[in-house]
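Enquirer: Pasted the sequence and its predicted model underneath.
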Amino acid sequence: MPLQGTRLEVNLDALEHNFHYLKSKLQPAVKFMAVVKANAYGHGAVPIAQKLQELNVDYFAVAYTAEAVELRDNGIIKPILVLHPQQFMLENCIERCLEPVIYSMEMLDAFIAFAKAKQQQSYPIHIEFNTGMNRLGIDIEDLDQVISKLNANPCIKMRGLQSHLAASEDLKERAFTESQIATFEKLIEQFEAALSYPFLTHESNTSGILNFKKAHFTMARSGIGLYGYGNDSRFDKELKPIGSLKSVISQTRWIEAGETVSYNFQFTASQKTKYAVIALGHGDGINRIYGKGKASVLINGKLAPTLGVICMDMFMVDVTHIECQPGDEVVIFNQEHTASEMAERAGTISYEILTGIQKRVPRVYID
């Protein structure tokens, strides 16, 4: 029976292609961390992680502890880094053998106290320093305190030292990125001199992997690249978007010049117009920013722009010059008509549309 209705088709072969392409940019000894936060950027965390585990990825990363718990409950045994752990979830972290990122002195003290209470020995943590992103991260000025606490508390052990690049996709900001890399290199030297054991070092995201070989260190993190987007046309042609968001036409109608479509009269026909109603809306992740012609969908190989505002469960497109009928397939984005192109036209980024696809949209996995 053919696939029908609204769904996100996820091509696991494309995921494998992207994984191997990104891996090819790293030296063999550099570990690969797959970022599967936000439901694997909207594609379904568990099936994506299961496929990557089959491909022998080294590490996974999620944003929050609950995301990691879901992976553990579904057979993921590889190390999982929690990028933004919260203190009230520390017990779950230890119970599920998760590796938390310690991003502040308060979090470091809290985790030491909790690890002691749980009688842990050498529990693996990753320490994040702020090298210019100015988001999460311990200040460089607190370096000596961090080292002192690590050496004084055998309940914890630094498994990894990390930071985050702020503009690695923008080569006009190369000087800034190189300054971040240099700062991180100095941090590594100081920790290597102060600690008696080796540790992982990681600062690169997808664009760091592709643009800054010096930033690969001993492990590199990739999120958006795995899903088929390289933030640059040079790399986009080498990657394969793994998700194809599809729906169907529910109804077609003709309106006369002067009639309106959707809420608040945001579209008024200047001539006789045929429109189609698509079974998808902002309740599914197609936000209102894509209305009023700021996005187009593919129907029978032709582009149909949006009309009026996006509704919660449906939106309308102009099909005056397209032969179509109820039940015909609608492609919102795929490998040829990409989420990146759709997002750019509306003034946003592919990350936002991908991660915004709601769970009521069924995921169908093609391998």
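Expert: Received it, and whenever you're ready, just let me know what you need.
Enquirer: For L187, which non-adjacent residue is spatially closest?
Expert: Spatial nearest neighbour of L187, chain neighbours left out: F129 (5.7 Å); criterion: CB to CB, 6 or more residues apart in numbering. Where you see a C-beta, it was placed from the backbone N, CA and C, and this is true even at glycine.
Enquirer: Look up which residues are beta-bridged to the one you found.
Expert: Partner residues in beta bridges with F129, using DSSP bridges, are I138.
Enquirer: Tally up the residues packed near V319, please.
Expert: Counted by other CB atoms under 10 Å, the residues lying close to V319 total 25.
Enquirer: what's the answer for the one 4 residues further on, then?
Expert: Taking other CB under 10 Å as the neighbour definition, E323 ends up with a count of 9.
Enquirer: and the residue nearest to L187, what does it touch?
Expert: When contacts are counted by CB atoms under 8 Å, 6 or more residues apart in numbering, F129 is found next to G137, I138, D139, I140, L143, L161, Q162, S163, F184, L187.
Enquirer: ok, so of those, who is nearest G75?
Expert: The shortest gap between G75 and any of those belongs to Q162, at 26.2 Å (CB to CB).
Enquirer: quick one: contacts for that closest one?
Expert: Counting by CB under 8 Å, 6+ apart, Q162 makes contact with V101, H126, I127, E128, F129, T201, H202, E203.
Enquirer: Apply 7 Å and report the result again.
Expert: Neighbouring residues of Q162 by CB atoms under 7 Å, 6 or more residues apart in numbering: V101, H126, E128, H202, E203.
Enquirer: what helices or strands is the strand or helix carrying Q180 leaning on?
Expert: Assigning secondary structure by DSSP states H and E places Q180 in helix 174-194. Helices and strands in packing contact with helix 174-194 are listed as helix 143-152, strand 156-162; criterion 3 or more CB pairs under 7 Å, 6 or more residues apart in numbering; DSSP states H and E.
Enquirer: Name the stretch among the ones you listed that sits most buried.
Expert: The densest packing among the helices and strands packed on helix 174-194, expressed as mean neighbour count by mean count of other CB atoms under 10 Å, is seen in strand 156-162 with a mean of 22.
Enquirer: Partner strands of that strand and their direction?
Expert: Applying DSSP bridges, strand 156-162 is found paired with strand 123-128 (parallel), strand 200-202 (parallel).
Enquirer: quick one, that strand and helix 174-194 angle?
Expert: Here the directions of strand 156-162 and helix 174-194 differ by 160 degrees (axes from the mean of the first three to the mean of the last three CA atoms, to 10 degrees).
Enquirer: how far out from the middle of the chain is strand 156-162?
Expert: In terms of CA atoms, centre = their mean, to the nearest Å, the centre of strand 156-162 is found 24 Å from the chain centre.
Enquirer: now stretch 193-200
Expert: Centroid displacement of stretch 193-200 relative to its chain, using CA atoms, centre = their mean, is 31 Å.
Enquirer: Also stretch 4-14?
Expert: Taking the mean of its C-alpha atoms, stretch 4-14 sits 17 Å from the chain's own mean (CA atoms, centre = their mean).
Enquirer: So which bits of it are buried?
Expert: For stretch 4-14, a neighbour-count test (16 or more other CB atoms under 10 Å) marks T6, R7, L8, E9, V10, N11, L12, A14 as buried.
Enquirer: and the fifth one, that one's in a strand?
Expert: Read that as V10. Yes: secondary structure assignment places V10 in a strand (DSSP: H, G, I helix; E, B strand; the rest coil).
Enquirer: With V364 as the reference, measure out to it.
Expert: Distance of V10 to V364, given as CB to CB, to the nearest Å: 7 Å.
Enquirer: follow-up on the earlier one: which of the contacts of F129 lies closest to E70?
Expert: Distances from E70 to the contacts of F129, taken by CB to CB, are shortest for Q162, at 22.8 Å.
Enquirer: what's the following helix or strand after whatever helix or strand E91 lives in?
Expert: For E91, the element it lies in under DSSP H and E is helix 90-95. Following the chain from helix 90-95 toward its C-terminal end, the next helix or strand by DSSP H and E is strand 99-102.
Enquirer: Which is the succeeding secondary structure element to that next one?
Expert: Counting by DSSP H and E, the element after strand 99-102 in chain order, helix or strand, is helix 105-117.
Enquirer: So for that following helix, what gets flagged as buried?
Expert: For helix 105-117, a neighbour-count test (16+ other CB under 10 Å) marks M107, L108, A110, F111, I112, F114, A115 as buried.
Enquirer: neighbours around the closest residue to G137 other than its chain neighbours, how many?
Expert: With CB to CB, 6+ apart as the measure, N130 is the residue that lies nearest to G137, at 2.9 Å, once sequence neighbours are left out. Around N130 there are 19 other residues, counting by other CB under 10 Å.
Enquirer: and the helix or strand in which M316 is found, what does it pack onto?
Expert: M316 is part of strand 315-318, with elements assigned from DSSP H and E. Packing contacts for strand 315-318, counted by 3+ CB pairs under 7 Å, 6+ apart, involve strand 273-278, strand 302-307.
Enquirer: okay if I get the ones you listed as JSON lines plus mean pLDDT?
Expert: Below are those laid out as JSON lines (pLDDT from 0 to 100):
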{"stretch": "strand 273-278", "mean pLDDT": "98"}
{"stretch": "strand 302-307", "mean pLDDT": "98"}
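Enquirer: among those, which is the most enclosed?
Expert: Among the helices and strands packed on strand 315-318, strand 273-278 has the highest mean neighbour count (mean count of other CB under 10 Å), at a mean of 22.
Enquirer: Helix or strand next in line after that one, which one?
Expert: As assigned by DSSP H and E, the chain's next helix or strand after strand 273-278 is strand 296-299.
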